[in-house]
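Peer 1: Model the structure of this input:
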Amino acid sequence: MPEPKSPSGSITGTEPPGDPRPALSQFYRAFNEGDLSLMEENWEHSDDVSAIPPIGEPRFGWATLRAGYARGFADSPPLRTEFFDFALFECGEILVAVGREREQPSPERPTPSLGARTTNIFHRATDGRWRLLHHHVSIDDPQQLAAVAARLR
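Peer 2: So this is what the prediction gives:
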């Protein structure tokens, strides 16, 4: 197993270019701005992709994930999420980013800041760009998880 690279700082979608962080930056920029076309550029478009959201069932296949992002982006103001305290594991054509996310309150969404554990798995596509294969988020605090679940019902 390769040694992890532990970059300093955080990823919010506003970072300057630098491999392999652009893939992470693009994902968080798309998520934070509610930009479905940018999200489409970031994900692999196959039935083999998956996401495990903090609430709900695991989701499989790009068509299902795309529909979920489209619904989420249309139904509410964008979240402001930061990926931090992370390590990158690059092994050949696979990149794993393990870290933490926190939601920051904003005027559009005055929710309390949520903390979560997050894993993003990318693979290097034939065009040389990293494409997201899997995204997993688990909220740290059970009380916050219950509050989010109640808010989404």
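Peer 1: Which secondary structure elements does the strand or helix carrying residue 29 sit against?
Peer 2: Element membership for residue 29 (DSSP states H and E) is helix 21-33. Packed against helix 21-33, as judged by 3 or more CB pairs under 8 Å, 6 or more residues apart in numbering; DSSP states H and E, are the following elements: strand 10-11, helix 36-42, strand 81-91, strand 115-124, strand 130-139. Glycine gets a C-beta too; all of them are placed from N, C-alpha and C.
Peer 1: Give the rounded mean pLDDT of it.
Peer 2: The average of the pLDDT scores along helix 21-33 is 90.
Peer 1: wait, what's in contact with residue 101?
Peer 2: The contact partners of residue 101, taken as CB atoms under 8 Å, 6 or more residues apart in numbering, are 81, 82, 83, 84, 114, 115, 116, 117, 118, 137.
Peer 1: Let's see if you can find the most crowded of those.
Peer 2: Using other CB atoms under 10 Å as the neighbour test, the contacts of residue 101 are led by residue 83, with 24 neighbours.
Peer 1: mind checking how far that one is from residue 100?
Peer 2: Between residue 83 and residue 100 the distance is 7 Å, computed by CB to CB, to the nearest Å.
Peer 1: and if you look at residue 10?
Peer 2: From residue 10 across to residue 100, the span is 9 Å (CB to CB).
Peer 1: Mind listing the shared neighbours of these two?
Peer 2: With contacts taken as CB under 8 Å, 6+ apart, residue 10 and residue 100 have 83, 84, 85 as neighbours in common.
Peer 1: between those, which is nearest residue 64?
Peer 2: For the shared contacts of residue 10 and residue 100, the minimum distance to residue 64 (CB to CB) is 22.9 Å, reached by residue 83.
Peer 1: Show me what that closest one bridges to in the sheet.
Peer 2: Beta bridges link residue 83 to residue 11, residue 101, judged by DSSP bridges.
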